[in-house]
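Trainee: Structure for this input, please:
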Amino acid sequence: MFKFFSRSKPDKAADKAAIGLLQTDMHSHLIPGIDDGAPDIETSLQLIGGLHALGYKKIITTPHIMWDMYKNTREVILERLEWVRTAVKEAELDIEIHAGAEYFLDDYVAGLLANNEPLLTISGKMVLVEFSMAYPSHSLKDILFDMQMQGYQPVIAHPERYIYLEQNKSFYGELKETGCLFQLNLLSLAGYYGRTVTELANYLVKQNYYDLVGTDMHHFRHLEALHSPALGAQLRKLMDTGKIRNAFL
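Mentor: Take a look at the predicted model:
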């Protein structure tokens, strides 16, 4: 029997009430041993158990497909998803587990689109995507266009973490105008990634740009940080916009 990660601080109930409003987490790295997330099945189960304890009813985990570092394929991800589902069932955890992917928009993804290879979606035709956090991508718009031409709905992962856009906030508007959805990393609201990321997250919240919220869970430090008392009121305010789609995934 696995011992699930837990904590007993008095603010836990309040955290669960706020985060439980989301119902579904649609960005995480919980399939073991294939990217920089959970290294083994025991860790996967402990992290999944921790999310369940916070009130999540469904997890759509999203391993990296970043060809220079994580050469994951649709087939590998779906095969290992079944390993996780089996372990969750054996552990008697009452939570749904599904898988999409977090696609880094590089030449490999451009090739998948050119060959009409099916992409892993988080729901319907929604595909979670990311790009360089160090510098602007010159091919970004072309790949997004090709993706949309094939009927996919791009979801930009954690747009607040591209801190070079602090000096070019109009680019966010351009992405929204092309029909992209935006996904907030929940911990960005609590200052986990630094002040600039939090400021950009608050800017995007004020612009009413976010459509989805994810934990981007990789490890126990992320799970612990989700208990931050700073999250509850901010998340409730975001949910009050009526735009957040997690519960409908």
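Trainee: pLDDT score for the most centrally placed residue in the chain?
Mentor: Nearest residue to the geometric centre of the chain (C-alpha atoms, centre = their mean): His27, 2.1 Å. At His27, the model reports a pLDDT of 98.
Trainee: where exactly do the helices run in this protein?
Mentor: Applying DSSP state H to the chain gives helices spanning 12-19, 41-54, 74-90, 107-114, 140-149, 170-177, 195-206, 220-225, 231-239.
Trainee: Need the residues that contact the longest one.
Mentor: Which is helix 74-90. Helix 74-90 is contacted by residues 30-34, 41, 44-45, 48, 61, 63, 95, 97-99, 101, 117-120 when judged by C-beta atoms under 8 Å, 6 or more residues apart in numbering. Yep, even glycine has a C-beta here, placed from its N, CA and C like the rest.
Trainee: I'd like to know which of those are buried.
Mentor: Among the contacts of helix 74-90, those buried by neighbour count (16 or more other C-beta atoms under 10 Å) are 30-32, 34, 41, 44-45, 48, 61, 63, 97-99, 101, 119-120.
Trainee: taking these as a set, which two sit the farthest apart in space?
Mentor: Across those, the longest distance by C-beta to C-beta is 27.4 Å; it joins Leu45 and Leu119.
Trainee: okay, and the helix or strand of this structure with the least pLDDT?
Mentor: helix 12-19 (a mean of 64; mean pLDDT, DSSP states H and E).
Trainee: Show the low-confidence segments of this structure, by residue range.
Mentor: Residues of the chain that meet the criterion pLDDT under 70 lie in 1-15.
Trainee: if we go to 80?
Mentor: 1-18 (pLDDT under 80).
Trainee: and the closest residue to Ala99 other than its chain neighbours, how far is that from Ala87?
Mentor: Leaving aside its chain neighbours, Ala99 sits nearest to Leu81 (4.3 Å; criterion: C-beta to C-beta, 6 or more residues apart in numbering). To Ala87, Leu81 is 11 Å away according to C-beta to C-beta, to the nearest Å.
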